[in-house]
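Student: requesting a structural model of the entry that follows:
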Amino acid sequence: RFVSAAVGDHYETINLRRTLERARQEGRADVTIGQQYPELRSTLPLVTSLKSMKLRYRAVLIIFPLLWSTFGNVLSNISMRGLRGLEILRLTCYWNQLYSFLHWYWYWWGVIERLKNWRNIAVFVQERKAELSKDELIVEINLEEGLEQAKQFLDEKKPSGLKIGYGKHLVGFIAPQPGFEPLNGSHLYSIITKTLAVSFLEALALEDVVAPPNIVDRQKLADSITAKANWFGPPLLSQMWYEQYSQWNNLQNTKAKKMESPHNRADALSTQSKKINYPVVYSEKSHEK
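Tutor: Modelled structure (predicted):
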């Protein structure tokens, strides 16, 4: 039952074996979700990772049932001891590589527990939903007719996909996403200010909305908006990390200056003053009263 503003505390002791066991349960759960909701199969990790999986990993999956049923406990104990040994030796890079492989291995262990063999996995992936159903409606709106009218239209239709234009120019397309709720008017503001912010400004520039006509070249203005796309819209992850590091670095420098003793600062100022040669100009003329 849904309770507004509910709060709950969750306590769990995590260790390596419990983490890997959770990966195994996630593999089993993904198969169950894909069987009950075929339209979500294309978003599941077992489908997305299988597309880019290397040949040697696929070979492991083919012999996986026989390998694990025969040597499962032995492999599990060896891998646990290997991780502990790498942790003691502080070989972080090798520890991460082995842990990533084990996490992948246990996830697919859960998948194969449900699908039994490689042939069933291939059938599971191939039977995923590829085309839109009749229930997935895609509509088109023109923002030149007004934002409120477009929001009202979306509230009435509740489409799965959306094509947005402004005047004669295309702003963008929101493709249907499996498992997502239908679009409505409350989503439109976020779409044009975040998802399609750059293309929306380009369309406004080409329609002479940003600047009066005959003042600037519309195409040049649209190209400039594209070139400066990083200055607005949702920030990239690399930009956010760089900004956070810059702020942290400035904070550390400020703390270091505040912790510096007054005696050291006085010595620093006197040292700097010694290095400066101030020019002195003498005048032979007497000062007139």
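Student: buried set for the helix or strand containing residue 50?
Tutor: Per DSSP states H and E: residue 50 is located in helix 45-51. Along helix 45-51, these residues count as buried under the neighbour rule (16 or more other Cβ atoms under 10 Å): 46, 47, 50. C-betas here are computed from N, CA, C, even on glycine.
Student: low-confidence ranges in the stretch 1-150 of the chain?
Tutor: Within the stretch 1-150 of the chain, the ranges that satisfy pLDDT under 70 run 1-2, 61-62, 64-73, 128-136.
Student: so where do the helices sit in it?
Tutor: 16-36, 45-51, 55-62, 64-88, 92-115, 118-126, 147-157 (DSSP state H, counting those that start in this stretch).
Student: distance to residue 207 added to those helices, as JSON lines?
Tutor: Compiled in JSON lines, the helices of the stretch 1-150 of the chain are given as follows (distance: least, Cβ to Cβ, whole Å):
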{"stretch": "helix 16-36", "distance to residue 207": "44"}
{"stretch": "helix 45-51", "distance to residue 207": "39"}
{"stretch": "helix 55-62", "distance to residue 207": "51"}
{"stretch": "helix 64-88", "distance to residue 207": "58"}
{"stretch": "helix 92-115", "distance to residue 207": "50"}
{"stretch": "helix 118-126", "distance to residue 207": "45"}
{"stretch": "helix 147-157", "distance to residue 207": "15"}
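Student: which of those sits closest to residue 189?
Tutor: Each of these has some distance to residue 189 by Cβ to Cβ; the shortest is helix 147-157, at 8.0 Å.
Student: in the closest one, what's buried?
Tutor: 150, 151, 153, 154, 157.
Student: any idea how far residue 104 is from the third one?
Tutor: Pointing back at residue 153 there. As defined by Cβ to Cβ, to the nearest Å, residue 153 lies at a distance of 46 Å from residue 104.
Student: and if you look at the last one?
Tutor: Counting by Cβ to Cβ, the gap between residue 157 and residue 104 amounts to 42 Å.
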